[in-house]
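> got a predicted model here, sequence first, then my questions.
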Amino acid sequence: MRVVLDLQGSQTESRYRGIGRYSISLAQAIVRQAGNHEIFVVLNSRLDDSVVDLLQTFSALIPEENIRIFDVPTPLAEDRKENWWRNRAAEKIREDFIQRIKPDVVLVTSLFEGFSDNAVTSIGAYCNDKNTAVVLYDLIPYLNPAHYLPTQLHEEYYDRKIRSLQSAGLLLAISDASRQEVIKALGVEPDKVINISAAIDEKFGQDCQPRGDLGELFQQLGISRKMVLYVPGGFDKRKNFEGLIKAYSLLDAGTRENHQLVIASRLDNYQRDQLNRARIESGLNADELVLTGYLKDSDLTSLYSEATLFVFPSTHEGFGLPILEAMTCGAPVIGSNATSIPEVIGLPDALFDPASPSSIAEQMQCVLSDPVYQQRLREHGAIQAKKFSWDDCAKKAILALEDFARRLKSPSVPDDPETLLRAIAEIPYTENGPTEGDLGAIAECIAFNLPPNRARELLLDVSVIVHSDARSGIQRVVRSLLLELLSHPPENIVVRPIYFYKGAYRYANEFALKITDQPIYRGGDYVVEFHQGDTYLALDLLAHLTTELQGIYSILRRRGIRLYFLVYDLLLIQHPEWWPRGTGQAFDEWLTSICEVATGLMCISNSVAAEVREWLEKNPPKHKKIPAIHSFHLGADVENSVPTRGMPDNASDVFETLAIRKTFLTVGTLEPRKGHAQMLAAFDQLWQRGIDVNFVIVGKCGWLVDDMVKKIRSHAELNRRLFWLEGISDEYLEKIYASSDCLIAASEGEGFGLPLIEAAQHKKPIIVRDIPVFREVAQNHAFYFSGTTPENLALAIDGWLGLCEQGLVPSSEHMSWLTWKQSAALLKEKLFPEQKVL
Amino acid sequence: MHLALYLKRRPALKAQAVRLLACFPPLRHRVSQFLEHAFSVDAAATGVNPEHLSPRARQLYESLKAEIYKKQGSS
């Protein structure tokens, strides 16, 4: 049997209440008890980030491909009439999506959703889906409309949901009382309603033991005497607060003197005032009523286990979970004789009439004045609580679903989306809909919901390089990894470069064709259709597009696309003064924004990964989910990074001059952090002291270095012992390396340090600043220096020259480094850990 | 990235850059495309611009519109 669980009840505001917890606990138990049955979970992509949490929860329990995310046009909340047309369309889209999974049965764990959010639940709005079962909690609003359905909008919404409920082929009631309620109130056939009951989390109250003292917690709460505890699980009239307070006031004076009535519940100021008014009207002193406000589970279990009596005076419940919680923690429990409460308590002697304060008082007085009776209730509670478990609920649910499936004929589902479109076109127009945007959104949702007409894709964002390759360090990485991933894609995954342009992501097909002539890249640059299971990796740094992309990232994440970002370094945050004003702030905004959505961050060294972790500790994402932080090393084989070619006319003159004396080389764009000013001043000192060496600077002119550029251009040694080679080809750089004697890397901050490896490939010794990332890359294969003054570096170079004469300089020959193929393989391992990468 | 960000924060530069580029036709297309990219903005909206649809979604959109026109014509 293939069972589809619609878990929107765990995604809406209900997830913070009993319904959400019931939905998820039942679903998890059904998965545990499923045996040979195939379980699918469907989630709504438009219900905030809950989809990400649930994906994580269920991917540990069922195959990831059995968790299906659907998309619907929004907003959908039925409390606004302008959403109605869209809502009706969304109902059809959802039903079509679910029936395409070809379920034997569908179980909707909460039908009454969507009044004020983007949940969409319906039965029979499009398909003849008689195979749908619904969990029935209660009909409290239906039976008490004056209180629970205050407006016409509420009434109309609730009526529609009731009609859907009546269309369901099977109802799984959470108690026998709920079952009887729906049979009686709606005339549902008895054999269509099965009681599967409810339970509490197995771990709840596991370690609760009466401590015998009231402790610090109780002092904070104002509890100083024995407790009569009520945990209502909500606040409304049926919870019968007034009846309980009145009943408490009827206890004899001696009992009241030794006890306090404690109500443990989240309360707003208005609700507190109401309860205090009831206390005053009943003649109770202020210290006789304790209102705890919200309590975390561990504090709640402490209260349960210390309570002398737990009382549950509610007049109407679907089940009554606090009763089970109290019994589990060892409290003596009494409760009302209404609706589901007697079946949960399971002891007729422990019941009272909730409508009668004297009946409640009489029962309370009996327990409080009789320790033997208290013990009897405790012992009964311990046995009774064990009768309820989620696994039992799931077994009952599965039996009921199996029986239901046997009686069903498979619903006829049209395969072509045209039928769905025709059905949507049939929805009567309202004054608000649909707009062109709605039609676009509907088309996009249906395209997403349909099975993908292609393999899973690894989408590489090359939004910068696709427009212009500035040949910067980052773009060299982008180019090299792109080339490797296109040539050696992960198993069963198609690699596609994409870019953001005019409001949408497009396949960079024309760009890809320049690299590889595969048919898949023909057909122009069209808009990408993302699908659940795709992986997105931002190779380029896209801090200039933060505003445009954050909304898109959020949608992609909620659609089940895994989002990864390459992080080259955090220097823009650590040293914003090294870049033009505003750039650091933009980078900060980008990092903050991607950390809200990222599945993982791919850092180019362990040092950067450590810095990112530290930054995240200080700047945690709003939703508190820290992305996975991975690190890998970049490749360094120039021939595989699409090297540029070309030699200048004066190349041979340069090589001749370099051959005359020892040549020190530095490679990198001229920018403040690279230490060019310190290096140039250090060589000035060496030259003044008569040390005859060359200094070659390779790199483009960057930013905030105007003074230094002027100094170089007017330097007396320029083209004699000082050389500045701007924007040279990779071919020329290779030959410069070969003609040099030592590389100097004086940068104060780097993400990786590619020139160190390039020097090692040419077996050239290295003088490097002692910073963590250079230690990580060069280890003991370099000569390290510290300090930021010219003297510091001049001394280091002088010292190195001394060692050189003795043949004692550290050799870089055995420095380990990766090829781009190895680097890309490492990256693939992190992106697709389930695949074995050779 | 830095250049794109810089240009994005200085809208007047875009116009000037486009004027300048007119003098260098071979560069014009490439740089214009880059500038468009730097300036492209897509605020989150309720609906979806049909220009932003994938080929399959675009086809669905056209079919839906055709169905709706057909329905309007017959009612």
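All right, it came through fine.
> measure A:Phe115 to A:Asp273 for me?
27 Å (CB to CB, to the nearest Å). Where C-beta positions appear, they are placed from N, C-alpha and C, glycine not excepted.
> more neighbours: those two, which one.
Legend: neighbour count by other CB atoms under 10 Å in any protein chain shown for A:Phe115 and A:Asp273, higher for A:Phe115 (16 against 11).
> contact partners for that one?
Counting by CB atoms under 8 Å, 6 or more residues apart in numbering or on different chains, A:Phe115 makes contact with A:77-79, A:154, A:157.
> give me the element the closest residue to chain A within chain B is part of.
When scored by CB to the nearest CB, chain B has B:Gly47 as its residue closest to chain A, at 1.5 Å. For B:Gly47, there is no enclosing helix or strand under DSSP states H and E.
> could I get the contacting residues of it?
Each residue near B:Gly47 by CB under 8 Å, 6+ apart is listed here: A:73, A:435-441.
> so does stretch A:76-90 get close to chain B?
No - Stretch A:76-90 lies apart from chain B when judged by CB under 8 Å from any CB of the partner chain; the minimum separation is 8.6 Å.
> sorry, back to before: narrow the contacts of A:Phe115 to just the buried residues.
Neighbour counting with 16 or more other CB atoms under 10 Å in any protein chain shown marks A:77-78, A:154, A:157 as buried within the contacts of A:Phe115.
> mind putting these into a markdown table with distance to A:Ile174 and secondary structure?
Listed next are the buried ones among the contacts of A:Phe115 as a markdown table, based on distance: CB to CB, whole Å; DSSP: H, G, I helix; E, B strand; the rest coil:
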| residue | distance to A:Ile174 | secondary structure |
| --- | --- | --- |
| A:Ala77 | 26 | coil |
| A:Glu78 | 24 | coil |
| A:His154 | 23 | helix |
| A:Tyr157 | 22 | helix |
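> between those residues, which sits nearest A:Gly600?
Nearest to A:Gly600 out of the buried ones among the contacts of A:Phe115 is A:Ala77 (CB to CB; 33.4 Å).
> what about that closest one, distance to chain B?
Distance of A:Ala77 to chain B, computed by CB to the nearest CB, to the nearest Å: 12 Å.
> was I right to think that residue contacts A:Glu113?
No - if you go by CB atoms under 8 Å, A:Ala77 and A:Glu113 don't touch, sitting 10.4 Å apart.
> what score does the residue of the stretch 701-838 of chain A found nearest chain B have for pLDDT?
Taking CB to the nearest CB, chain B has its nearest neighbour within the stretch 701-838 of chain A at A:Trp703, 7.5 Å off. Per-residue pLDDT puts A:Trp703 at 91.
> for it, helix, strand, or coil?
Secondary structure, DSSP: H, G, I helix; E, B strand; the rest coil: A:Trp703 is coil.
> could you pull up the contacting residues of A:Ile728?
If you count contacts by CB under 8 Å, 6+ apart, A:Ile728 has them with A:648, A:698, A:736.
> who's in contact with the first one?
In this case it means A:Pro648. A:Pro648 neighbours (CB under 8 Å, 6+ apart): A:728, A:732.
> where's it, which helix or strand?
Per DSSP H and E, A:Pro648 falls between elements, in no helix or strand.
> again, but for the last one
Here A:Ile736 sits within helix A:730-739, counting by DSSP H and E.
> A:Leu658 too?
Using DSSP H and E, A:Leu658 falls within helix A:651-660.
> so which residue of chain A comes closest to chain B?
A:Gly437 (1.5 Å).
> before we move on, the earlier item: who wins for neighbours among the contacts of B:Gly47?
Within the contacts of B:Gly47, most neighbours by other CB under 10 Å means A:Pro73, with 30 neighbours.
> look up how far A:Leu309 lies from that one.
Distance, A:Pro73 to A:Leu309, by CB to CB: 53 Å.
> what of A:Glu776?
Counting by CB to CB, the gap from A:Glu776 to A:Leu309 is 64 Å.
> same check, this time on A:Leu541
Per CB to CB, A:Leu541 is found 64 Å from A:Leu309.
> direction included, what does the longest strand seen in chain A pair against?
Using DSSP state E, we find that the single longest strand of chain A is strand A:493-501. Counting by DSSP bridges, the strands paired with strand A:493-501 are strand A:456-461 (parallel), strand A:504-507 (antiparallel).
> got those as JSON lines, with distance to A:Trp724 columns?
As requested, those are exported to JSON lines (distance: least, CB to CB, whole Å):
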{"stretch": "strand A:456-461", "distance to A:Trp724": "34"}
{"stretch": "strand A:504-507", "distance to A:Trp724": "40"}
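> could you dump the ones you listed to a markdown table with mean neighbour count and mean pLDDT?
Shown next, in a markdown table, are the strands paired with strand A:493-501 (neighbours: other CB atoms under 10 Å in any protein chain shown; pLDDT from 0 to 100):
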| stretch | mean neighbour count | mean pLDDT |
| --- | --- | --- |
| strand A:456-461 | 22 | 97 |
| strand A:504-507 | 22 | 96 |
